[in-house]
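S.K.: Got a predicted structure plus its sequence, pasted below:
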Amino acid sequence: MTKPKKRYFGTDGIRGRVGDGSITPEFVLKLGWAMGRVFAKERHSKVLIGKDTRISGYMFESALQAGLSAAGVDVYLLGPMPTPAIAYLTRTFHAQAGIVISASHNPYHDNGIKFFSGLGSKLSDDIELEIESMMDLPLETVESALLGKAHRIDDAAGRYIEFCKSTVASKIDFSNLKIVVDCANGATYHIAPNVLKEIGAEVVVMGAQPDGLNINQNCGSTEPRLLQAAVLEQQADLGIALDGDGDRLIMVDHQGELVDGDELLFIIARAQQRAGIGQTAIVGTLMSNLGMEHALNNYNMDLHRANVGDRYVMEMLKKTGGIVGGESSGHIICLDKTTTGDGIVAALQVLAEMQETNSPLHELRSAVNKYPQRLINVRVADMVDLDNNDVIQAAVADIEAKLGDEGRVLLRASGTEPVIRVMVEGRDATLINQLASDLASVIESVL
């Protein structure tokens, strides 16, 4: 039986431009009530709410609080906190659920709502569908004696800082490291610098003056150019770039070169293998670089490719029994440490490997020889079944024959816009560019 299609939830909650569609105070008020009705299975059910630093977070925090209270659910307000911190605190407070108000790496004029279960994991499709069905009912307020109360957790930041520090051995000495950290003017601005200082590193801080409008603006993991320059200027050992809600990580080595999610995933997988706690199954995505896969193979580890999105990485980890997975964009999941992607925790694992092996970041990442990739977005009027189009499949087969074991082809229809994503990867950049252009031309002629 085919599951109903979700109307509001995407692969990572509900997201959009503030004031449009589902990202309005009216909708979020009703969403809070609907979510409260689903989770209010017992008296005094409690839900945690955290947010990033967008100006619209105040508005949506109040709307969610009102909706949850109307459903009879107690609310615990965390204030600005990274997404993974909310997952962690939801577990430790034994709450029924946690809510994050964030649009991650998007600009300030976007926002979104995403949820964690009481176990600190993303909600199942069934729960999301149950919340959506509740949205169709009229909002009915419980009697006054049963209204939910609001509480503020004042020590949330300190609790999470201690958790982050606990994910690396206390015996490791980080005092010889000089680190530049870019907090993207987002939710980690008061967390990441303190974590790094408290483990003993010398820390230079960037992107830690949020004003509600500057989140992810020319900073953070999606715009690391200023961080690269700062690492060179400060003669630092490395740089750490987080995104607006702290679940994404990109690093910079001492030469100012970017170290992306694929390379970080390899470093962490190798560290776990060296420590005897890792698995041979490592999870990436369809976009993970073939050079990273070959590097893992060199150490007898296998890459399993999930669809793009941390939800699908998590599903593949559970399926394969793996404990580490991630995306090229820098979402890294370490299931032996926490339940979701966590930029600070992932960074700490890399720092620990540097210290344990007495190796600079540049040396650790050098085991991955990334292959050139060419990605072309082909805009189309109508979507087509790519797998069953003979002309397109013949063109793909021809390119795969030319690449052999030294490359690969990926065609993927966008889930959010009328676009076919064409990706060709291989050792020869000139050949890859030509083959990608040829394949894009075939798709345009067919569609």
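M.R.: Structure received. Residues are numbered from 1 along each chain as shown.
S.K.: Who are the contact partners of the closest residue to residue 353 other than its chain neighbours?
M.R.: Nearest non-adjacent residue to residue 353, counting by C-beta to C-beta, 6 or more residues apart in numbering: residue 271, 4.0 Å away. Bear in mind the C-beta positions are built from the backbone N, C-alpha and C, glycine included. By C-beta atoms under 8 Å, 6 or more residues apart in numbering, the contact list for residue 271 reads 278, 349, 350, 352, 353, 356.
S.K.: which of the residues in stretch 265-279 are buried?
M.R.: Residues of stretch 265-279 classed as buried by neighbour count (16 or more other C-beta atoms under 10 Å): 265, 266, 267, 268, 269, 270, 271, 272, 273, 278, 279.
S.K.: Pretty sure the third one sits in a helix.
M.R.: In this case it means residue 267. Yes: counting by DSSP: H, G, I helix; E, B strand; the rest coil, residue 267 is found in a helix.
S.K.: My guess is it contacts residue 350. True?
M.R.: Yes: between residue 267 and residue 350 there is a contact at 5.5 Å, judged by C-beta atoms under 8 Å.
S.K.: Need the overlap of contacts for the two.
M.R.: residue 364.
S.K.: re the thing from before, make CSV out of the buried residues of stretch 265-279 and add pLDDT and distance to residue 137.
M.R.: Formatted as CSV, the buried residues of stretch 265-279 follow (pLDDT from 0 to 100; distance: C-beta to C-beta, whole Å):
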residue, pLDDT, distance to residue 137
265, 98, 43
266, 98, 49
267, 98, 49
268, 98, 45
269, 97, 46
270, 97, 51
271, 96, 50
272, 95, 47
273, 95, 51
278, 78, 47
279, 83, 44
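S.K.: which helix of this protein spans the most residues?
M.R.: helix 429-446 (DSSP state H).
S.K.: Spatially nearest residue to residue 82, not counting backbone neighbours?
M.R.: Closest to residue 82 by C-beta to C-beta, 6+ apart is residue 246, at 2.9 Å.
S.K.: circling back to that earlier point, what does the longest helix of the chain contact?
M.R.: Contacts of helix 429-446 (C-beta under 8 Å, 6+ apart): 372-376, 378, 380, 384, 389, 391-392, 395-396, 399, 402-403, 407, 409, 411, 420, 422-426.
S.K.: Please report how far residue 12 lies from residue 105.
M.R.: 11 Å (C-beta to C-beta, to the nearest Å).
S.K.: Between those two, point out the one with more neighbours.
M.R.: residue 105 (22 against 19; other C-beta atoms under 10 Å).
S.K.: Let me see the confidence value for the residue most central in space within the chain.
M.R.: What sits nearest the mean C-alpha location of the chain, by C-alpha atoms, centre = their mean, is residue 331, with 4.1 Å. Looking at residue 331, its pLDDT is 96.
S.K.: Residue 1 now?
M.R.: Looking at residue 1, the pLDDT reads 56.
S.K.: now residue 277, what's its secondary structure?
M.R.: coil.
S.K.: List the contacts of it.
M.R.: Residue 277 touches 323, 336, counting by C-beta under 8 Å, 6+ apart.
S.K.: what does residue 189 give?
M.R.: For residue 189, the contact set (C-beta under 8 Å, 6+ apart) comprises 53, 80, 183, 207, 208, 209, 210.
S.K.: Tell me the buried residues in stretch 112-129?
M.R.: Buried, per 16+ other C-beta under 10 Å, within stretch 112-129: 112-118, 120-123, 127-129.
S.K.: Least confident secondary structure element in this structure?
M.R.: None of the helices or strands of the chain scores lower by mean pLDDT, DSSP states H and E than strand 407-413, at a mean of 89.
S.K.: Just give me how far that one sits from the chain centre.
M.R.: Centroid separation for strand 407-413 versus its chain: 22 Å, with C-alpha atoms, centre = their mean, to the nearest Å.
S.K.: which helices and strands does that strand pack with?
M.R.: helix 390-403, strand 419-426, helix 429-446 (3 or more C-beta pairs under 8 Å, 6 or more residues apart in numbering; DSSP states H and E).
S.K.: Just name the most buried of these.
M.R.: Highest mean neighbour count of those: strand 419-426, a mean of 22 (counted as mean count of other C-beta atoms under 10 Å).
S.K.: number of nearby residues for residue 304?
M.R.: The burial count for residue 304: 18, using other C-beta under 10 Å.
S.K.: State the distance from it to residue 27.
M.R.: 37 Å.
S.K.: What of residue 365?
M.R.: Where residue 27 is concerned, residue 365 sits at a distance of 43 Å (C-beta to C-beta).
S.K.: Which one's more surrounded, those two?
M.R.: Shown here are residue 365 and residue 27; by other C-beta under 10 Å, residue 365 has more neighbours (23 against 19).
S.K.: can you pull the contacts of the more buried one?
M.R.: Here residue 365 is in contact with 253, 259, 263, 266, 267 (C-beta under 8 Å, 6+ apart).
S.K.: Between which two of those residues is the distance greatest?
M.R.: By the measure C-beta to C-beta, 253 and 266 form the most distant pair in the contacts of residue 365, at 14.0 Å.
S.K.: Report the separation between the residue nearest to residue 369 when sequence neighbours are not counted and residue 172.
M.R.: Closest residue to residue 369 apart from its sequence neighbours, by C-beta to C-beta, 6+ apart: residue 291 at 4.8 Å. Residue 291 sits at a distance of 29 Å from residue 172 (criterion: C-beta to C-beta).
S.K.: swap in residue 428?
M.R.: 41 Å.
S.K.: moving C-terminal of the strand or helix carrying residue 274, what's the next helix or strand?
M.R.: Assessed by DSSP states H and E, residue 274 sits inside helix 261-275. Sequence-wise, the next helix or strand downstream of helix 261-275 (DSSP H and E) is strand 281-285.
S.K.: So which elements touch the helix or strand just after that next one?
M.R.: Next helix or strand after strand 281-285 toward the C-terminus (DSSP H and E): helix 290-298. Applying 3+ C-beta pairs under 8 Å, 6+ apart, we find helix 290-298 packed against helix 261-275, strand 281-285, strand 302-306.
S.K.: Could you export those as JSON lines, including distance to residue 318?
M.R.: Listed next are the helices and strands packed on helix 290-298 as JSON lines, based on distance: least, C-beta to C-beta, whole Å:
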{"stretch": "helix 261-275", "distance to residue 318": "17"}
{"stretch": "strand 281-285", "distance to residue 318": "10"}
{"stretch": "strand 302-306", "distance to residue 318": "11"}
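S.K.: Thanks a lot, see you next time.
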